[in-house]
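Engineer: Model the structure of this input:
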Amino acid sequence: MIIAIDESGSFAAGSNDRHFFAAAHIRQRKTLYKLKRQQFLSWERDLPRSLKNPKGEIKGSALSDEQLAKFVRDVVCSAYHVGITPFAIRPAENPEATVEKHRTVMVRSIEAGHDLYSKQGKKDLARTLDEFANWVRKLSYAQVLKIKVLGECIVAALVNSVRHSISGNYDYELPNLRFLIDRDFIRERRPDLFWHELLRNQLWRASKTNPVPLLNKWKKDGHPFLDKFWREGDLDFNELFWKQCSFVHSHESFEVRIADLINTILARYCNNKGCREPYHLVRRCFLYHGRITQLVLDDFNLAEWRYDPTGGPFTNDP
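Structural biologist: Now for the predicted structure:
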């Protein structure tokens, strides 16, 4: 399964609007993947040329509600359905002071890793973590929110993919899982490295509260998913998130353009009460509980927070 993720909104401090990350789940079986690509490109070709940028890409914000409804009917809800894992956050519910506490926890945890490697004489790793901490310090309010929401969306999308593939009897696709994320979020190599480390921690934490579902018969009889991701009695997704999780240009990825259009529908409906028909159609494709998950970052007393070296790699969220 290919999981394509895009965002919608500025994530600016104080905004009362909902801002979104949505994951579009697209089957990888060759015939189904080609069919979905053909459905999307056929719908896209029928749009007026005036809506396309020089790269031939169409941004969802330029489309009418009627055009978006046709997109949902012809692509998302056309056999087979595109699954959707939607996440939202309202900046007004996440004060800058609370977000700053979360950033501080990230920095202090990375600094603890720096100190550990320094004591062990691993100077190169210590320098990398020093650069990592400086990168986190410079993140804007909006960037911290985006990192938080994107990480939660990716983890939930992974769990939903395993869960849905089991119920739909296509779990043979799981070893080839791929994440494609719009490159507008992370553009350079070093931030890409640091973001992957933060994602690794988010996955570690989430696995304790929302574990990836596994069938008992997989452990008994074996399964290609476990052959690839099971190490020493536990799941290890290093390969998935380092080799099969990429930032791509949306004009080169129809999968990410599908996610962009889904985000447009969610934002237009939830913030402006538009897109009623496409929203009610696309909602049928929400996976798991059938709702948009809206995040609110926990507030806490930073003075009482202490780094726990057993709490996961690099960062310990409260």
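
Engineer: quick one, strands of the stretch 1-150 of the chain?
Structural biologist: In the stretch 1-150 of the chain, the strands defined using DSSP state E, counting those that start in this stretch lie at 2-8, 19-26, 83-89.

Engineer: Let's verify Val212: helix, strand, or coil?
Structural biologist: Put simply, Val212 is coil when judged by DSSP: H, G, I helix; E, B strand; the rest coil.

Engineer: just to revisit the earlier point, just put the strands of the stretch 1-150 of the chain in a markdown table and tack on distance to Arg190 and mean neighbour count.
Structural biologist: The C-beta positions use only the backbone N, C-alpha and C, and glycine is treated the same way. Formatted as a markdown table, the strands of the stretch 1-150 of the chain follow (distance: least, CB to CB, whole Å; neighbours: other CB atoms under 10 Å):
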| stretch | distance to Arg190 | mean neighbour count |
| --- | --- | --- |
| strand 2-8 | 21 | 25 |
| strand 19-26 | 22 | 27 |
| strand 83-89 | 26 | 25 |
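
Engineer: how about JSON lines for the ones you listed, with mean pLDDT and distance to Asp221 added?
Structural biologist: Formatted as JSON lines, these follow (pLDDT from 0 to 100; distance: least, CB to CB, whole Å):
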{"stretch": "strand 2-8", "mean pLDDT": "96", "distance to Asp221": "27"}
{"stretch": "strand 19-26", "mean pLDDT": "98", "distance to Asp221": "26"}
{"stretch": "strand 83-89", "mean pLDDT": "98", "distance to Asp221": "27"}
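
Engineer: Find the centremost residue of the chain, please.
Structural biologist: Nearest to the mean C-alpha position of the chain, by CA atoms, centre = their mean, lies Ile154 at 3.4 Å.

Engineer: If you count neighbours, what's buried in whichever strand or helix holds it?
Structural biologist: Secondary structure assigned from DSSP states H and E places Ile154 in helix 141-167. The neighbour-count criterion (16 or more other CB atoms under 10 Å) identifies 141-162, 164-166 as the buried residues of helix 141-167.

Engineer: re earlier: in JSON lines, list the strands of the stretch 1-150 of the chain along with distance to Tyr170.
Structural biologist: Conversion of these to JSON lines gives the following (distance: least, CB to CB, whole Å):
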{"stretch": "strand 2-8", "distance to Tyr170": "13"}
{"stretch": "strand 19-26", "distance to Tyr170": "11"}
{"stretch": "strand 83-89", "distance to Tyr170": "11"}
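
Engineer: so which of the ones you listed gets nearest Ile262?
Structural biologist: When the strands of the stretch 1-150 of the chain are compared for distance to Ile262 using CB to CB, the nearest one is strand 19-26, at 4.8 Å.

Engineer: Please compute how far stretch 82-92 lies from its chain's middle.
Structural biologist: 10 Å (CA atoms, centre = their mean, to the nearest Å).

Engineer: about what we covered before: Phe229 is nearest to which of the strands of the stretch 1-150 of the chain?
Structural biologist: strand 2-8 (15.1 Å).

Engineer: Distance of the spatially closest residue to Leu203 that is not a sequence neighbour relative to Leu199?
Structural biologist: Leaving aside its chain neighbours, Leu203 sits nearest to Val155 (5.5 Å; criterion: CB to CB, 6 or more residues apart in numbering). If you measure Val155 against Leu199 using CB to CB, to the nearest Å, the figure is 8 Å.
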